[in-house]
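Trainee: would you be able to build a 3D model of this:
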Amino acid sequence: MLTLAFNIQPVKASGTIYIRADGSIDPPTANITTVDNVTYTFTGDISDSILIERDNIAVDGAGYTVTGSGNGNGITLTGTSNVTVRNMTTKNFLWGIVLDSSSNNTLSGNNVTKGDYGILLYGSSDNVLSGNNVTANNWNGIVLASSNNNVLSGNNVTNNGIGILLSSSSNNTLSGNVMGGNGYNFGVEGAALSDYLQSVDTSNLVDGKPVYYFMNQSDMVVNADAYPQVGYLGFVNCANVTVQGLNPTSNYQGLLLAFTNNSKITSNNIVNNGYGIDLYSSSDNVLSGNNVTANNWAGILLYSSSNNNVFYHNNFINNTQHVYVVTPGFANSWDDGYPSGGNCWSDYDGIDLCSGPQQKETGSDGIGDTPYVIDEDNQDNYPLMKPYPWGPHDVGITSVTTSKTIVGQGYTASINVMIFNYGNFTETFNVTVYANTTSIASQNVTLTSGNSTTLTFTWNTSGFARAYVTSINATPVEGETDLSDNTLVYGIIKVSCIGDLNGDYVTDGQDYQLVKNAIPSMPELPKWNPNADLNEDGIVDGQDFQTVKKNIGQSAP
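Mentor: So this is what the prediction gives:
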């Protein structure tokens, strides 16, 4: 989206005022005056775009406003130098102020507001932006695209889509800029190391907290004790860095690692950014125990990174995309082997019926039975079934299966419940099965740490009729805090007339044909229909056929 915007040349609205290269104002009736062709001063509000073609001048808005109709640019400098634009408000334009291929210009004391974008420097270098208020623009506040050696100081950039973004630009200096209330406050992106080489000091604030932008550092620890307030955090060309216990939020990148290697990123809460963690040309890093949650574009962005980074015990929850691999062909590790496991993925739809390194042994282990596939070069071989870390006291229901989904009234259905002890201690607790709100049966179970068991409940459907929601509850053990998997709603089991196999509450020729088609069969055979095993003896045979035949014409109570 952003790249497309940068590649579009600035456009002028249909009504345009020009300050021509010869010094003239076109049209001469515009609310701009000059006596020396050097200083141009507004004499009233303006409702047109302004295109500046003359070098070595100052344009003073004198507090007046330039208002657009929702498109075009407010103020445009194209190929100009040594121009000062000051003391004006631009609003309701596509871009408020645009510097295109222009250098050594100054924008100061301007209000740029209520447009789609605020200020754009495109292919423009050695300019100064100081003391501007860039607020309430739908998308970007200030964007530097392919623009180098600029100075941004003392600007107030608030309540925009993105506050300040430096894209494919280098050697810019940022100080004293205040960002806050933007959807995403600050970010840097590029294609080469030089694009990330910026001078950004801690006088820049994001939501009142300092920006930390480290370059060419090694052997440093950035944690909550040493850095209790962090507005933005980026590392460029660094090595052996530890980042621990921080809460990066509301930025273009929650955490930027560019050309940064052999570092550890652990136990951070990275929430509500554009990209949660951006790894650009960074290798041999370990990312573990992080909560990467609700990031709008991707939880992890891998761009020319992917070799030998290790990700495990991270929780990827409700990101628009958990991992976005921009440049395929780089292989990273997404688990810590067995039994330590990999990461928790909120969109993982696998089951946990098995255990062991090959996930072929009987019993659940808190690890999904199938890998979580990211792309052809990257997959989590041991995805975790619930967020990490698991509590010291923590039991959960991992799976439920039923012998049938339709059962004749008075007959029985089996319900198999698998329970896993995620915690560190042997636990004793009750497991209860419900049909709607009615308790069917309950069992007491003692389960050692790191082990599972399967409980079988038999539901005698006498006295029940029609459809029931089946749910299972494991009583919380003392000290348990994660109760999200203590209750599992399985689904609908219908109690119907005897011989109803398709759940329409009547026994008729359709059911006769269904049982006939399933004879003979057992669970491992393709023809197996569990609903046709009326007497639950593990085989569909003549006895079941006769039962259906005898009850044709019956309907459910």
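Trainee: every contact and neighbour count from this point should use C-alpha atoms.
Mentor: Fine.
Trainee: in the chain, which segments are predicted with low confidence?
Mentor: 1-14 (pLDDT under 70).
Trainee: walk me through the domains of it.
Mentor: 1-169, 395-496, 509-550 (automatic domain parsing).
Trainee: and the helices in the stretch 301-450 of the chain?
Mentor: In the stretch 301-450 of the chain, no helices are defined using DSSP state H, counting those that start in this stretch.
Trainee: that older thread, now the domains of the chain in JSON lines, with mean neighbour count and distance to L256?
Mentor: Converted to JSON lines, the domains of the chain look like this (neighbours: other CA atoms under 10 Å; distance: least, CA to CA, whole Å):
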{"stretch": "domain 1-169", "mean neighbour count": "21", "distance to L256": "13"}
{"stretch": "domain 395-496", "mean neighbour count": "18", "distance to L256": "31"}
{"stretch": "domain 509-550", "mean neighbour count": "18", "distance to L256": "52"}
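Trainee: so for P339, which of these sits nearest?
Mentor: Closest approach to P339 among those is made by domain 395-496 (10.0 Å; CA to CA).
Trainee: measure the closest one end to end?
Mentor: Across domain 395-496, the terminal residues are separated by 35 Å (CA to CA, to the nearest Å).
Trainee: from the chain's centroid, how far away is it?
Mentor: Mean-position distance between domain 395-496 and its chain equals 33 Å (CA atoms, centre = their mean, to the nearest Å).
Trainee: just to revisit the earlier point, mind putting the domains of the chain into CSV with distance to N378?
Mentor: Shown next, in CSV, are those (distance: least, CA to CA, whole Å):
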stretch, distance to N378
domain 1-169, 26
domain 395-496, 26
domain 509-550, 34
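Trainee: quick one: closest of those domains to L353.
Mentor: Short answer: domain 395-496, nearest of these by CA to CA, at 7.0 Å.
Trainee: which residues in the stretch 451-557 of the chain form helices?
Mentor: Going by DSSP H, counting those that start in this stretch, the stretch 451-557 of the chain shows helices at 509-518, 542-550.
Trainee: can I get those helices in CSV including distance to T398?
Mentor: As requested, those are arranged in CSV below (distance: least, CA to CA, whole Å):
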stretch, distance to T398
helix 509-518, 30
helix 542-550, 32
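Trainee: quick one: which of these is nearest M220?
Mentor: Of the helices of the stretch 451-557 of the chain, the one closest to M220 (CA to CA) turns out to be helix 509-518, at 68.2 Å.
Trainee: now the residue nearest the centre of the chain. Nearest residue, chain neighbours left out?
Mentor: Nearest to the mean C-alpha position of the chain, by CA atoms, centre = their mean, lies N319 at 2.2 Å. Distances taken as CA to CA, 6 or more residues apart in numbering place A294 nearest to N319, at 4.4 Å, with adjacent residues excluded.
Trainee: so which of the domains of the chain is nearest D375?
Mentor: Going by CA to CA, the one of the domains of the chain nearest D375 is domain 1-169, 23.1 Å.
Trainee: right, and I25 touches N31 too?
Mentor: No. Here I25 does not reach N31: they are 9.7 Å apart, not a contact under CA atoms under 8 Å.
Trainee: so what does N261 have for phi and psi?
Mentor: phi -130, psi 160 (degrees, to the nearest 10).
Trainee: how far off centre is stretch 314-325?
Mentor: The mean C-alpha position of stretch 314-325 is separated from the chain mean by 5 Å, CA atoms, centre = their mean.
Trainee: let me see the ranges of the helices in the stretch 1-150 of the chain.
Mentor: Under DSSP H, counting those that start in this stretch, the stretch 1-150 of the chain gives helices at 2-7.
Trainee: wait, what's in contact with the spatially closest residue to N517 that is not a sequence neighbour?
Mentor: Excluding the flanking residues, the one nearest N517 by CA to CA, 6+ apart is K527, at 7.2 Å. The contact partners of K527, by CA atoms under 8 Å, 6 or more residues apart in numbering, come to N517, A518, I519, P520, S521.
Trainee: who touches the fourth one in this structure?
Mentor: This means P520. K527, I539, V540, D541.
Trainee: want to throw those residues into TSV with distance to I50?
Mentor: TSV is the format used below for the contacts of P520 (distance: CA to CA, whole Å):
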residue	distance to I50
K527	77
I539	84
V540	84
D541	87
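Trainee: phi, psi of the closest residue to N31 other than its chain neighbours?
Mentor: Leaving aside its sequence neighbours, N31 sits nearest to T43 (CA to CA, 6+ apart; 5.0 Å). Main-chain dihedrals, T43, degrees, to the nearest 10: phi -120, psi 0.
Trainee: from here on, call the first residue 704.
Mentor: All set: I'll call the first residue 704, so the last point we hit is now T746.
Trainee: correct me, but T746 touches T732?
Mentor: No. Contact criterion CA under 8 Å: T746 and T732 do not qualify, at 10.8 Å.
Trainee: check the gap between I1143 and E1239 for me.
Mentor: In terms of CA to CA, I1143 sits 18 Å off from E1239.
Trainee: how about L1228?
Mentor: 16 Å.
Trainee: swap in A1138?
Mentor: On the measure of CA to CA, A1138 and E1239 end up 20 Å apart.
Trainee: D1211 now?
Mentor: 21 Å.
Trainee: roughly how far apart are F1014 and L990?
Mentor: The value you get for F1014 to L990, if CA to CA is used, is 5 Å.
Trainee: wait, G893
Mentor: Counting by CA to CA, the gap from G893 to L990 is 22 Å.
Trainee: higher neighbour count, these two?
Mentor: Comparing G893 with L990 by neighbour count (other CA atoms under 10 Å), the higher total belongs to L990, at 22 against 18.
Trainee: for the more buried one, list the residues it contacts.
Mentor: Counted by CA under 8 Å, 6+ apart, L990 has contacts K967, I968, T969, N1012, V1013, F1014, Y1015, N1017.
Trainee: 10 Å instead, please
Mentor: With contacts defined as CA atoms under 10 Å, 6 or more residues apart in numbering, L990 is in contact with 945-946, 966-971, 980, 1012-1017, 1037.
Trainee: for it, name its beta-bridge partners.
Mentor: I968, F1014 (DSSP bridges).
Trainee: what are the ranges of the strands in the stretch 1004-1153 of the chain?
Mentor: 1013-1015, 1018-1020, 1026-1028, 1047-1048, 1057-1058, 1064-1065, 1075-1078, 1081-1083, 1098-1105, 1109-1111, 1115-1124, 1130-1138, 1141-1150 (DSSP state E, counting those that start in this stretch).
Trainee: can you put those in JSON lines and add distance to Y935?
Mentor: Below are the strands of the stretch 1004-1153 of the chain laid out as JSON lines (distance: least, CA to CA, whole Å):
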{"stretch": "strand 1013-1015", "distance to Y935": "22"}
{"stretch": "strand 1018-1020", "distance to Y935": "21"}
{"stretch": "strand 1026-1028", "distance to Y935": "21"}
{"stretch": "strand 1047-1048", "distance to Y935": "25"}
{"stretch": "strand 1057-1058", "distance to Y935": "41"}
{"stretch": "strand 1064-1065", "distance to Y935": "46"}
{"stretch": "strand 1075-1078", "distance to Y935": "28"}
{"stretch": "strand 1081-1083", "distance to Y935": "29"}
{"stretch": "strand 1098-1105", "distance to Y935": "38"}
{"stretch": "strand 1109-1111", "distance to Y935": "57"}
{"stretch": "strand 1115-1124", "distance to Y935": "39"}
{"stretch": "strand 1130-1138", "distance to Y935": "43"}
{"stretch": "strand 1141-1150", "distance to Y935": "45"}
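Trainee: I appreciate the help and will end here.
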